[in-house]
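Asks: I would like the atomic coordinates for the input below:
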Amino acid sequence: MNSSIVQLQLWQFGLVYLLLVVVALVMKKSQVNLLRQLMVSSLRMSVQLVLAGLVLTYLFEHPHWALVLGYLGLIIGFSIFRVLRQNKGLNRRFQAVIAASILFSGVAVLAFFILAVVGESLLNPQYVIPIAGMLLGNTMTGVGLGIRSFRGSLVEQRGRLTALINIGASPRDILLPFVRQALETALLPTLNSMMGMGIVSLPGMMTGQILSGTLPMTAILYQIAIMIAICTVVCLASFGALYFGFQTLWNKRSQITLAQEGA
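Replies: As a prediction, the model looks like this:
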């Protein structure tokens, strides 16, 4: 196997942005009003990734525990912020449950993966930062999707909830089916992604490793391990956020409150 890495020149890399012109033309032809979002998203992604690359380069060259923990804290904090921002109006206890679920699930699975599976130090930025990014990025998506699904179902079934409360049903029994459905929704993207791997597609991490010269079987073992870790952290965080969070939605008089008080 040829392990040499093809270094992209700046002008070669710039050619990929021509593909965005194709996307823009299709949007214009189809009268899809997402051109501004396409440009903003592409620019923001490029700037953020370049900045991340510069920071990681510095971290790899000057590894320090404070910098590693600081970057890890930034990843976790941003993940929590994005989920809460997408689900405004939750009561403060529900918000705290979501934050704690993402924090503890993410750190626990990351620590197990780095220490037990990879056998490296938790302060090694080469492993901690990229793996934390993959774990927390998918957790952010899964938890956010689950909470939105849960709240949306409750709003749609508000009349049914009221009727069940009026006939004496407990809030816990009323809400648990919605929690289970939302947990399924949170897990489905990850499970579907796992189903198609190796047949429909080669995942981004594995593709990157192969392009950088890593042996395919080594890349495969890492990818399988990463996907199992992602599935675990998404499951744990979503379960914690939903199963403990939904218990903050009723008061002592068994009245279900779907929005933050005073919101």
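
Asks: quick one, helices of the stretch 101-250 of the chain?
Replies: Using DSSP state H, counting those that start in this stretch, the helices found in the stretch 101-250 of the chain span residues 125-156, 158-166, 171-196, 204-211, 216-245.

Asks: If you average pLDDT over each of the ones you listed, which is lowest?
Replies: Mean pLDDT is lowest for helix 204-211 out of the helices of the stretch 101-250 of the chain, coming in at a mean of 63.

Asks: what's near enough to touch the closest residue in space to residue 101 that isn't next to it in sequence?
Replies: The shortest distance from residue 101 to any non-neighbouring residue, by CB to CB, 6 or more residues apart in numbering, is to residue 240 (3.2 Å). (Each C-beta comes from the backbone N, C-alpha and C, glycine too.) Contacts were defined as CB atoms under 8 Å, 6 or more residues apart in numbering; by that measure residue 240 touches 97, 100-101, 104-105.

Asks: how close does residue 240 get to residue 80?
Replies: 13 Å (CB to CB, to the nearest Å).

Asks: Repeat that for residue 107.
Replies: Counting by CB to CB, the gap between residue 107 and residue 80 amounts to 12 Å.

Asks: hmm, back to that, kindly supply the PyMOL command isolating those of the contacts of residue 240 that are buried.
Replies: Paste this into PyMOL to select the buried members of the contacts of residue 240, with burial taken from 16 or more other CB atoms under 10 Å:
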select buried, resi 97+100+101+105
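
Asks: quick one: residue 58 is in a strand?
Replies: No. Under DSSP: H, G, I helix; E, B strand; the rest coil, residue 58 falls outside any strand and is assigned helix.

Asks: And it, what's its pLDDT?
Replies: We have a pLDDT of 89 for residue 58.

Asks: Just give the nearest non-adjacent residue to residue 108, would you?
Replies: residue 236 (7.5 Å).

Asks: Hmm, the one you found is touching residue 105, no?
Replies: Yes. When contacts are counted by CB atoms under 8 Å, residue 236 is listed as touching residue 105 (3.9 Å).

Asks: returning to what we had before: of residue 107 and residue 80, which one has the most company?
Replies: Between residue 107 and residue 80, residue 80 has the larger neighbour count (other CB atoms under 10 Å), namely 22 against 17.
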